[in-house]
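**Student:** coords below, sequence missing:
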């Protein structure tokens, strides 16, 4: 019997827990992400969003539970197998994480040179195509990251993440530090990336404009330290259109940017 990969989600997280020392960051997370879906993960600082993102691709080892990619438990793979699987991921880091000593072209070409045997001409053609795809002029190829604006660095980071034509794209706070117009440019690029490459995407963000614009589905996490024993860490899981209708006040307060009980807590601490 031939196995049909479409039978299982591309990403499946089962009973995932992550603890650093005595600090519990993720607790009993269950999450399945179907192929082609764009999932946005929201929640206040310290709730474990980025740790969840890194757990999905095996950069953080779980304390308990497992993370499966395309049906395989990443924790049970050898280093070589895990390294191969990671060529199927594209990761856009919060601060772009470009190599300062390399040019834009060299940064984008890096994964191609590391993981493929393409000729220099083929690499250059792919690099120029990706630069055009993310809306940058060809004149940036010889520049170094320090010569670029924050928005341009984010776009170079996106181009590099797309170099190996990944099946799964992960974005860590892709619009942080950008003005509203450049944030919308990044949002549009994420939408176009999905249309052009048919990828599955996971986006961690505080930006509700991003969440509403690009998400098929939104998951909201709460910090474990603020939960009652046994209370689920996932406060919301559904389409962005349902966020405002959530019966959990923590969700609606976050979405509307209302300090709510948090202000009272701060006043109580001062008192």
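**Tutor:** Done, it's in. For clarity, every value in this text was computed on a predicted model and none was experimentally measured.
**Student:** residue 215: what's it in contact with?
**Tutor:** For residue 215, the contacting residues are 38-40, 203, 239-240, by CB atoms under 8 Å, 6 or more residues apart in numbering. (Glycine included, C-beta is placed from N, CA and C.)
**Student:** swap the cut-off to 7 Å and go again
**Tutor:** Neighbouring residues of residue 215 by CB atoms under 7 Å, 6 or more residues apart in numbering: 38-40, 240.
**Student:** is the spatially closest residue to it that is not a sequence neighbour in a bridge, and if so with what?
**Tutor:** Closest residue to residue 215 apart from its sequence neighbours, by CB to CB, 6 or more residues apart in numbering: residue 40 at 3.9 Å. Judged by DSSP bridges, the bridge partners of residue 40 are residue 203, residue 218.
**Student:** compare the contacts of residue 215 and tell me which is most surrounded.
**Tutor:** Neighbours here mean other CB atoms under 10 Å. Within the contacts of residue 215, the largest count is held by residue 40, at 24 neighbours.
**Student:** just checking, that one touches residue 211?
**Tutor:** Yes. If you go by CB atoms under 7 Å, residue 40 and residue 211 touch, sitting 4.6 Å apart.
**Student:** how many neighbouring residues does residue 244 have?
**Tutor:** The tally of other residues near residue 244 (other CB under 10 Å) stands at 11.
**Student:** go on, residue 207?
**Tutor:** So residue 207, with other CB under 10 Å, has 21 neighbours.
**Student:** residue contacts, it?
**Tutor:** 175, 183.
**Student:** now do the strands in the stretch 151-271 of the chain.
**Tutor:** 168-172, 200-204, 217-221, 234-238 (DSSP state E, counting those that start in this stretch).
**Student:** identify the residue spatially nearest to residue 236, adjacent ones excluded.
**Tutor:** Per CB to CB, 6+ apart, closest to residue 236 is residue 220, 4.1 Å.
**Student:** quick check, the one you found in contact with residue 233.
**Tutor:** No. Residue 220 is beyond contact range of residue 233, at 9.6 Å (criterion: CB under 7 Å).
**Student:** pLDDT wise, what is residue 133 at?
**Tutor:** pLDDT for residue 133: 93.
**Student:** neighbours around it, how many?
**Tutor:** For residue 133, using other CB under 10 Å, the count is 17.
**Student:** ok, now the one 10 residues further on?
**Tutor:** Taking other CB under 10 Å as the neighbour definition, residue 143 ends up with a count of 15.
**Student:** same thing with residue 59?
**Tutor:** By other CB under 10 Å, neighbour count at residue 59 equals 16.
**Student:** swap in residue 112?
**Tutor:** For residue 112, the neighbour count with other CB under 10 Å is 19.
**Student:** just to be sure, it is in a strand?
**Tutor:** No. Secondary structure of residue 112 (DSSP: H, G, I helix; E, B strand; the rest coil): helix, not part of a strand.
**Student:** any weak-confidence spans in this protein?
**Tutor:** 1-7, 96, 259-271 (pLDDT under 70).
**Student:** change it to 80
**Tutor:** Scanning the chain with the threshold set as pLDDT under 80 gives 1-7, 83, 94-96, 259-271.
**Student:** what sits in contact with each of residue 40 and residue 211?
**Tutor:** Contact criterion CB under 7 Å, 6+ apart; residues shared by residue 40 and residue 211: 205, 218.
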